[in-house]
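Peer 1: Fold the following, please.
(chains A and B)
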Amino acid sequence: MEVVLNGERRRIRDGISVAQLLAELGLNQRRLAVEINREVLPREAFPERRLAPGDVVEIVHFIGGG
Amino acid sequence: MEDLFELAGKKYRSRLIIGTGKYKDFAETRRAIDASGAEIVTVAVRRVNITHPGKDNLLDYLDLNRVTILPNTAGCHTAGEAIRTARLAREAGIGNLVKLEVIGDDRTLFPDVPATLEAASILVKEGFTVLPYINDDPVAAKKLEEIGCAAVMPLAAPIGSGLGIRNPYNLRIILEQAKVPVIVDAGVGTASDAAIAMELGCDAVLMNTAIAGARNPIEMAHAMRLAVEAGRRAYLAGRIPRKLYATASSPLEGLIG
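Peer 2: So this is what the prediction gives:
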């Protein structure tokens, strides 16, 4: 299925959970936050929440800033 | 003399807040924080690079037991974007603080005041500790305080301009009326600017470019630490009034004949 991940169209496995996606991207150890279709997803929901085709996903973290 | 800076119920020894942007690398960022003595540092919220996540992460270089992380909403141009960014920052699990920044003009980076007020009001209701970046505008400062912001952060000059304290009189009016901490945010260029802000009675100073952009950022971080301390102490000590004519420092009695 296709989703929009950080602004880019991307094919991912059908029914993959957010936690699995983060693991596959090598991001599961990071302090980050996830938004799906403009709603922030609580960390506790990462394992259960499955992505659906067309979901718009934002994965953000902290970088240097003023 | 114990003189602590209290912000949202937490006490800090340092009155210097620094940004973590524009450094050469994370190691230099860390050394600058150490040299500055800052106990609050700002960070930005941005997309993870999905294709090349990289090994290093800014937070790995910060001692989270020693420094409080203050995420910003820099780069947001609407209340909605700023609110989404703040919510994401909170969910990343480093607390409720947010430096609220809603930009109204890209050339000056001056804030969009109505959008800042709108975002502040929603974020305060959602339980955030909101620290808004604003113009040196006493009316906006008052309104943000009434909304429930934990501090007000007027600019001294445009972000990254290094022009220094351009309108000390407006800052004085903001200081006179404010019941929450007043933090000068943006515009400081060198140590004397930070000292002037503190001598005016500001509770703290926030800066990034003045340190990160200096030829030697670590030395400048140290200079800023000293300047903020010096300015604060001078403020507490109470300066002498300015007079047009001289007053002799040595007694006039006992002069030789």
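Peer 1: Could you report the distance from the residue in chain A that chain B sits nearest to to residue B:84?
Peer 2: Closest contact between chain A and chain B, by C-beta to the nearest C-beta, is at residue A:65 (2.6 Å). From N, CA and C alone the C-beta is placed, and that goes for glycine too. Using C-beta to C-beta, to the nearest Å, residue A:65 is found at 16 Å from residue B:84.
Peer 1: neighbour count winner among the two?
Peer 2: residue A:65 (24 against 20; other C-beta atoms under 10 Å in any protein chain shown).
Peer 1: which stretches of the stretch 1-150 of chain B form strands?
Peer 2: In the stretch 1-150 of chain B, the strands defined using DSSP state E, counting those that start in this stretch lie at B:5-7, B:10-12, B:16-19, B:40-47, B:68-71, B:97-100, B:129-134.
Peer 1: Give the other helices and strands that the fifth one contacts.
Peer 2: Looking back up the chat, that one is strand B:68-71. strand B:40-47, helix B:79-91, strand B:97-100 (3 or more C-beta pairs under 8 Å, 6 or more residues apart in numbering or on different chains; DSSP states H and E).
Peer 1: 10 Å - rerun?
Peer 2: Secondary-structure packing of strand B:68-71 (3 or more C-beta pairs under 10 Å, 6 or more residues apart in numbering or on different chains; DSSP states H and E): strand B:16-19, strand B:40-47, helix B:79-91, strand B:97-100.
Peer 1: quick revisit: among the strands of the stretch 1-150 of chain B, single out whichever gets nearest to residue B:142.
Peer 2: Smallest distance to residue B:142 across the strands of the stretch 1-150 of chain B (C-beta to C-beta): 10.5 Å, for strand B:129-134.
Peer 1: Note down every partner strand of the closest one and its orientation.
Peer 2: Applying DSSP bridges, strand B:129-134 is found paired with strand B:97-100 (parallel), strand B:153-154 (parallel).
Peer 1: Do a quick rundown of the helices in chain A.
Peer 2: Here chain A has its helices, by DSSP state H, at A:18-24.
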